[in-house]
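A.B. asks: Sharing a model prediction with you, sequence too.
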Amino acid sequence: MNSARLRAALVGLLMVVSFVVAAAWKPTAKLADQRPKVVLETMFPKKFGEWVTDDNLPVQLVSPDTAALLNKIYNQTLSRSYVNAKGERIMLSVAYGGDQSDGTRAHRPEVCYPAQGFQLLDSTTGTLRGAHEGMRVRRLVAKLGGRNEPITYWTVIGERVTITGTEAKLAQLSYSVRGLIPDGMLVRVSSIDNDVQAAFKAQQGFINQLGQAISPDVRSTVMGSADSAQGAKR
């Protein structure tokens with residue numbers, strides 16, 4: 001066999017091996033089917049800590065066309081406005097997908113806000129203090145006309161908190177090699193406030209109280225596992 005035929009045979013063999021390996025690693029079981037069923041409407045309480053839902057103020061956090069896209073990507077979405085006795089108002093937006101494959105990755109605020117005309121003034125990473133010490137989040141400041149909107153958000157792939165697309169992909173792969181298709185949730189908390197630091201402080205208190213109010217059997221779906229938070233600090 002001459003060198004050209006040998007190379008062609010080797011290429012063909014490698015293609016077959018790659019196909020077999022890819023098929024063997026292709027996940028077949030959904031992680032969501034092995035855990036308590038996610039129902040956003042009941043998973044997120046309407047009243048907790050010092051916060052209560054304001055049902056008289058409908059929340060429109062995204063434009064109608066973006067909302068339609070999210071409804072196609074995700075199994076469930078939830079939008080609420082909460083208020084406390086001091087008159088502070090927090091908007092909550094949650095999107096959940098039972099299959100976080102390449103076609104259903106979380107729709108991050110860095111994408112959807114500019115798509116609606118917002119200007120992103122700041123983007124930083126941080127960690128929560130208090131009840132969820134060490135949990136990583138991303139903080140943004142978006143502006144549209146006179147509307148200044150500080151945002152805190154995170155995503156959870158399976159039970160892993162991720163705040164970048166690369167982290168989300170690595171988390172997805174870590175489940176894939178175990179034959180699992182992970183679910184995913186994006187949780188976004190925001191408020192209309194020109195005092196950015198005051199807004200982030202209120203949002204942190206809101207998130208801590210929310211995490212404590214969520215049922216323990218689904219808390220890792222929303223807040224990630226304690227191991228993922230500890231791993232981020234090491």
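C.D. replies: Yep, it's here.
A.B. asks: quick one, what contacts the closest residue to residue 40 other than its chain neighbours?
C.D. replies: Sequence neighbours aside, residue 78 is the residue nearest to residue 40 in space, at 4.1 Å (criterion: C-beta to C-beta, 6 or more residues apart in numbering). All C-beta atoms are positioned from the backbone trio N, CA, C, and that covers glycine. By C-beta atoms under 8 Å, 6 or more residues apart in numbering, residue 78 lies in contact with 40, 41, 44, 92, 93, 94, 95.
A.B. asks: measure residue 78 to residue 99 for me?
C.D. replies: Note on residue 78: its distance to residue 99, by C-beta to C-beta, to the nearest Å, is 18 Å.
A.B. asks: looking at the chain, which helix or strand is least sure?
C.D. replies: Scoring the helices and strands of the chain by mean pLDDT, DSSP states H and E places helix 226-233 at the bottom, with a mean of 50.
A.B. asks: which stretches of this protein aren't confidently modelled?
C.D. replies: Residue ranges of the chain with pLDDT under 70: 1-4, 6-25, 57-74, 100-107, 131, 226-234.
A.B. asks: What segments of it are helices?
C.D. replies: Assigned helices in the chain, in chain order: 3-25, 40-43, 64-73, 109-115, 165-176, 196-213, 219-223, 226-233 (criterion: DSSP state H).
A.B. asks: Wait, residue 215 touches residue 44, no?
C.D. replies: No. Residue 215 is beyond contact range of residue 44, at 10.2 Å (criterion: C-beta atoms under 8 Å).
A.B. asks: if you count what's nearby, which of these two comes out ahead?
C.D. replies: A count of neighbours by other C-beta atoms under 10 Å puts residue 44 above the other of residue 215 and residue 44, at 20 against 12.
A.B. asks: For that one, give me phi and psi.
C.D. replies: Note on residue 44: backbone dihedrals following degrees, to the nearest 10 are phi -100, psi 110.
A.B. asks: where does it sit relative to residue 95, distance-wise?
C.D. replies: From residue 44 over to residue 95 the distance is 12 Å, taken as C-beta to C-beta.
A.B. asks: was I right about residue 206 contacting residue 81?
C.D. replies: No. Contact criterion C-beta under 8 Å: residue 206 and residue 81 do not qualify, at 11.7 Å.
A.B. asks: higher neighbour count, the two?
C.D. replies: Comparing residue 206 with residue 81 by other C-beta under 10 Å, the one with more neighbours is residue 206, at 22 against 17.
A.B. asks: What residues does the nearest residue to the more buried one once chain neighbours are set aside make contact with?
C.D. replies: Excluding the flanking residues, the one nearest residue 206 by C-beta to C-beta, 6+ apart is residue 90, at 4.8 Å. Taking C-beta under 8 Å, 6+ apart, we find residue 90 in contact with 51, 81, 82, 83, 189, 190, 191, 202, 203, 206.
A.B. asks: Looking at strand pairing, list the partners for residue 90.
C.D. replies: Beta bridges link residue 90 to residue 82 when assigned by DSSP bridges.
A.B. asks: about what we covered before: which one of the contacts of residue 78 sits in the busiest neighbourhood?
C.D. replies: In terms of neighbours by other C-beta under 10 Å, the contacts of residue 78 top out with residue 95 at 23 neighbours.
A.B. asks: beta partners for the residue lying closest to residue 122 once chain neighbours are set aside?
C.D. replies: Nearest non-adjacent residue to residue 122, counting by C-beta to C-beta, 6+ apart: residue 141, 4.2 Å away. Counting by DSSP bridges, residue 141 is bridged to residue 122, residue 150.
A.B. asks: check contacts around residue 141.
C.D. replies: Counted by C-beta under 8 Å, 6+ apart, residue 141 has contacts 120, 121, 122, 123, 148, 149, 150, 151, 196.
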